[in-house]
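In: Fold the following for me, if possible:
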Amino acid sequence: MAAFDFDKRLVIWAMDQVHTLKSIIDVLRMDYNIPIDYLSERDDLTDYEKTLQIQWHPAASEGFSIECLKIGDVEYNYISVIGKYEDLLGEKRAVIDGRVLPREYRVFNKTVDVVFFENYGRVYCILDVSVSQEKRVRSVLFGQGYRKLKKEEWGKVQYDKLMQYTLDSDFFYWLFNKRGQKINIQPAKDREDYFINLIDIHAVSQLSERDVHDNKSEGAGVLGSIPTLSGLGINQNVYEGGLHIIMPDMQLLTKVTKSCTCVLDSTRSVISKEGGSSLIVDDFPKTSILIYTILFPGLLSLYHAEKINGEWSAEKGEQQRKAWALDVIKQLASDNSITMEDIEEVLY
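Out: Numbers count the residues shown, from 1 in each chain. Down below sits the predicted model:
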């Protein structure tokens, strides 16, 4: 199998609790353009040349609208938009010997796909954004910057430590234990069953005790590799897992972090449609809503339920780690012709 290409990074933020989807449409229509400070006194330039153009646009329709997506027996309201913004060169590079470079050489267009949706009485948004651009997007498009970039109408955007979208190391151990299983992530009596297949774990990132060493392993069947199993066998802190999941509506190859940031291989992740399937990039709203209203909440709900009913416990975790550790010993013994006598000599 060719190397994975994780090129689509999804993050989730929570909007200020004052917002509804209708009020989000109001703030999307605001003026976000930013004057370029070092050009403000130039009378030889037009306003356009002296301003960064920053706007929200509807993703498909002519105007901003609230749409509905039905998944199973539940309907989700959402707004699909594109944030268009610009970055620029600093003054020393943009103004040479008093002459301002043409706009196309000093200003660069960027976009970000965003879906706002309502769930459990709050508005969230899912963004397809790189690590390097995340803070910039939050500042210029969501009004979270300082001074002239601050837009009070947005209120406070919560971009980390969302209780509903936070995973811990034990969650990953629980999930890794389900590799190869068919899992019902909506077992409630008042909901339709929703089964997913956890086909494989293809990446594990873990930190050693006191976070001294950062160990990352990638590849199909990574739970069979000695470096990965060695870390899991001593209960290292897992902060990221690579998952191959088949859902009724979608197949995902993704890396998932503790904050539910989801980095997808967009060429191998597909979404189901009538008469066939298409790449996830062709239907960003459905892809993102499936992940953040069905997959993550369903897995977290099942994890907590199994901790309460005893299906997953500290003892079960210890048993799984012991099995992984024994697998490491078995592989090392086989590779190095280690006998039982050799092992007993070390142990006793």
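In: roughly how far is the longest helix along the chain from the heart of the chain?
Out: Looking across the chain with DSSP state H, the single longest helix is helix 314-335. On the basis of CA atoms, centre = their mean, to the nearest Å, helix 314-335 is displaced by 31 Å from the centre of the chain it belongs to.
In: remind me which residues of this protein are low pLDDT?
Out: Low-confidence segments of the chain (pLDDT under 70): 1-4, 209-212.
In: domains of it?
Out: The record's domain parsing of the chain by automatic domain parsing lists 17-156, 164-332.
In: how about the strands in the stretch 101-250 of the chain?
Out: 107-119, 122-128, 182-184, 195-207, 214-218, 237-246, 250-257 (DSSP state E, counting those that start in this stretch).
In: got the ones you listed as a markdown table, with distance to F64 and mean neighbour count columns?
Out: All C-beta atoms are positioned from the backbone trio N, CA, C, and that covers glycine. Output for the strands of the stretch 101-250 of the chain, formatted as a markdown table (distance: least, CB to CB, whole Å; neighbours: other CB atoms under 10 Å):
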| stretch | distance to F64 | mean neighbour count |
| --- | --- | --- |
| strand 107-119 | 10 | 18 |
| strand 122-128 | 14 | 22 |
| strand 182-184 | 37 | 13 |
| strand 195-207 | 33 | 20 |
| strand 214-218 | 40 | 15 |
| strand 237-246 | 32 | 20 |
| strand 250-257 | 26 | 22 |
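In: Any idea which of those gets closest to K330?
Out: strand 214-218 (18.3 Å; CB to CB).
In: elements contacting the closest one?
Out: Judged by 3 or more CB pairs under 8 Å, 6 or more residues apart in numbering; DSSP states H and E, strand 214-218 is in contact with strand 195-207, helix 226-233.
In: Show me the strands paired with the longest one, marking each as parallel or antiparallel.
Out: What it means is strand 195-207. With DSSP bridges as the test, strand 195-207 is paired with strand 182-184 (antiparallel), strand 214-218 (antiparallel), strand 237-246 (antiparallel).
In: next one: it to chain centre, how far?
Out: That offset, for strand 195-207, works out to 15 Å (CA atoms, centre = their mean).
In: then that strand to CSV, C-alphas only?
Out: The C-alpha trace of strand 195-207 is given here as CSV (Å, rounded to 0.1, in the frame of the first residue of the first chain):
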residue,chain,number,x,y,z
PHE,A,195,-22.7,0.4,13.3
ILE,A,196,-19.2,1.2,12.3
ASN,A,197,-16.3,-1.2,11.5
LEU,A,198,-12.9,-0.3,13.0
ILE,A,199,-10.9,-2.0,10.3
ASP,A,200,-7.4,-1.1,11.5
ILE,A,201,-5.2,1.2,13.6
HIS,A,202,-2.6,2.7,11.3
ALA,A,203,-0.9,5.2,13.6
VAL,A,204,-0.1,5.6,17.3
SER,A,205,1.6,8.6,18.9
GLN,A,206,2.5,8.3,22.5
LEU,A,207,4.6,10.1,25.2
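In: Now do that strand and helix 226-233, the angle between them.
Out: Relative orientation of strand 195-207 versus helix 226-233 (axes from the mean of the first three to the mean of the last three CA atoms, to 10 degrees): 90 degrees.
In: Strand 250-257 and strand 195-207, what's the angle between them?
Out: Using the same axes, to 10 degrees: strand 195-207 against strand 250-257 is 20 degrees.
In: List the contacts of E75.
Out: By CB atoms under 8 Å, 6 or more residues apart in numbering, E75 lies in contact with 68-69.
In: Am I right that it falls within a strand?
Out: Yes: judged by DSSP: H, G, I helix; E, B strand; the rest coil, E75 forms part of a strand.
In: what's the distance between it and M340?
Out: Distance, E75 to M340, by CB to CB, to the nearest Å: 61 Å.
In: Adding distance to K316, write the strands of the stretch 101-250 of the chain out as TSV.
Out: Shown next, in TSV, are the strands of the stretch 101-250 of the chain (distance: least, CB to CB, whole Å):
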stretch	distance to K316
strand 107-119	31
strand 122-128	32
strand 182-184	16
strand 195-207	17
strand 214-218	23
strand 237-246	16
strand 250-257	22
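In: So what does K258 look like in phi/psi?
Out: Backbone torsions for K258, taken as degrees, to the nearest 10, come to phi -60, psi -20.
In: contacting residues for it?
Out: Counting by CB under 8 Å, 6+ apart, K258 has contacts 166-169, 239-240.
In: centre of the chain versus stretch 204-217, how much separation?
Out: Using CA atoms, centre = their mean, the offset of stretch 204-217 from its chain centre is 20 Å.
In: ditto for stretch 112-132
Out: 10 Å.
In: Now do it: everything it contacts.
Out: So stretch 112-132 is in contact with 8-15, 17, 19-21, 24, 59, 76-83, 85, 133-134, 137, 141, 164, 284-285, 288-289, 291-293, going by CB under 8 Å, 6+ apart.
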